[in-house]
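> Mind looking at a prediction? Sequence and model below.
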Amino acid sequence: MMGAGMKLLVAYLATPGGEDAVALGVTLARTVGASLDITLVIPPGDPADSSDANLSAILDETAEKWLAQAAALLPDDVRAETHVAVNENPASGLIAEAERLESSILIVGGSGGGITGRHSLGSVVNDILHSSPIPVVLAPSGFRHTGPARIREITAAIGPRPGAETILDTAVDLSARGDLPLRLLSLVSRDDLPRRAPDDEALARAIELSQRTLDAAHARLPESIGVSSTVARGDSVEDAVGTVEWHEGDLILVGSSRLAAPDTLFLGSTAAKMLRVLAEPMVVVPRRDQSSA
């Protein structure tokens, strides 16, 4: 569960993806009453090398200039601070800074290449999505232009496998902080059904199991939170996601792969497939260490 004073760390570069991350940070901060820490990571220099020292000075000056540009994007109603972190590895630097600042969530933007569609993941974001100890929010491309002032609803994608409790806890916390309705979503894909059973029979069992999971999750939620649930089906995950109605201001939560180490995030195949067809921000939640839960 997230702490009382929520702090959101925004990974920034002076790129369109960096501006998308800032815009999403503003939307989330305004929705849940959080503050922002906008952070830029630069590589370390060797003080014994004069040419390297000069380069470091230039990098420091450039970083401060870029952060000033980021600060200029912020509205008056959102509290924020800017930080320069020094680390050879940008992903490690951001994670270390999130831990230092006791951030609840890390927000990142896209870059060139990677998954097609509105979510385009570069190498740094991919590294973060396979190592972060805190939830990571992915800003879709163009969010700086199309993003709403506030989140309108949270959709938590949960399934019958262990780990749904972690997603649900995070979703309930965000819903309560932002006074947001919560939708529970289960995806049933024919591609993921056992090959030995007839399609119709296997699909019916999968839908029944998904509905039981959703009903059990619904029973855990506080009465004060407006909750709906749906089971979406299709020949593939992408097809199933395409049958769901989405609106501007939706925020999607997904869990980590079973391959994730305890208390660590690992982007799974289902979430990656969802990213190909979704234009909404997505939160990837780390897998909880069940031994300490």
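Structure received.

> show me where the chain has strands.
Per DSSP state E, the chain carries strands over the ranges 7-11, 35-42, 80-86, 105-108, 136-138, 153-157, 182-189, 227-234, 250-255, 282-285.

> can you put those in JSON lines and add distance to residue 25, mean pLDDT and mean neighbour count?
All C-beta spots, glycine's among them, are computed from the backbone N, C-alpha and C. Listed next are the strands of the chain as JSON lines, based on distance: least, C-beta to C-beta, whole Å; pLDDT from 0 to 100; neighbours: other C-beta atoms under 10 Å:
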{"stretch": "strand 7-11", "distance to residue 25": "4", "mean pLDDT": "97", "mean neighbour count": "27"}
{"stretch": "strand 35-42", "distance to residue 25": "5", "mean pLDDT": "96", "mean neighbour count": "22"}
{"stretch": "strand 80-86", "distance to residue 25": "8", "mean pLDDT": "96", "mean neighbour count": "17"}
{"stretch": "strand 105-108", "distance to residue 25": "5", "mean pLDDT": "97", "mean neighbour count": "27"}
{"stretch": "strand 136-138", "distance to residue 25": "8", "mean pLDDT": "96", "mean neighbour count": "26"}
{"stretch": "strand 153-157", "distance to residue 25": "17", "mean pLDDT": "94", "mean neighbour count": "24"}
{"stretch": "strand 182-189", "distance to residue 25": "22", "mean pLDDT": "88", "mean neighbour count": "23"}
{"stretch": "strand 227-234", "distance to residue 25": "27", "mean pLDDT": "88", "mean neighbour count": "17"}
{"stretch": "strand 250-255", "distance to residue 25": "13", "mean pLDDT": "94", "mean neighbour count": "25"}
{"stretch": "strand 282-285", "distance to residue 25": "13", "mean pLDDT": "94", "mean neighbour count": "24"}
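
> Generate a markdown table for those strands, with distance to residue 124 as supplementary columns.
Putting the strands of the chain into a markdown table (distance: least, C-beta to C-beta, whole Å) gives the following:
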| stretch | distance to residue 124 |
| --- | --- |
| strand 7-11 | 8 |
| strand 35-42 | 9 |
| strand 80-86 | 13 |
| strand 105-108 | 8 |
| strand 136-138 | 12 |
| strand 153-157 | 25 |
| strand 182-189 | 28 |
| strand 227-234 | 32 |
| strand 250-255 | 20 |
| strand 282-285 | 15 |
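
> Give the residue spans of the stretch 1-150 of the chain that score low on pLDDT.
1-4, 45-53, 55, 111-120 (pLDDT under 70).

> Restricting to C-alpha, output stretch 91-105 in PDB.
C-alpha atoms of stretch 91-105 as PDB (Å, rounded to 0.1, in the frame of the first residue of the first chain):
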ATOM      1  CA  ALA A  91      17.500   3.200 -15.600                       C
ATOM      2  CA  SER A  92      19.500   2.500 -12.400                       C
ATOM      3  CA  GLY A  93      19.800   6.200 -11.700                       C
ATOM      4  CA  LEU A  94      16.100   6.700 -11.900                       C
ATOM      5  CA  ILE A  95      15.300   3.700  -9.700                       C
ATOM      6  CA  ALA A  96      17.900   4.900  -7.100                       C
ATOM      7  CA  GLU A  97      16.500   8.400  -7.100                       C
ATOM      8  CA  ALA A  98      12.900   7.000  -6.700                       C
ATOM      9  CA  GLU A  99      14.200   5.100  -3.600                       C
ATOM     10  CA  ARG A 100      16.000   8.100  -2.300                       C
ATOM     11  CA  LEU A 101      13.000  10.400  -2.600                       C
ATOM     12  CA  GLU A 102      10.600   7.600  -1.400                       C
ATOM     13  CA  SER A 103       8.500   7.900  -4.500                       C
ATOM     14  CA  SER A 104       5.300   5.900  -4.800                       C
ATOM     15  CA  ILE A 105       5.300   5.700  -8.600                       C
END
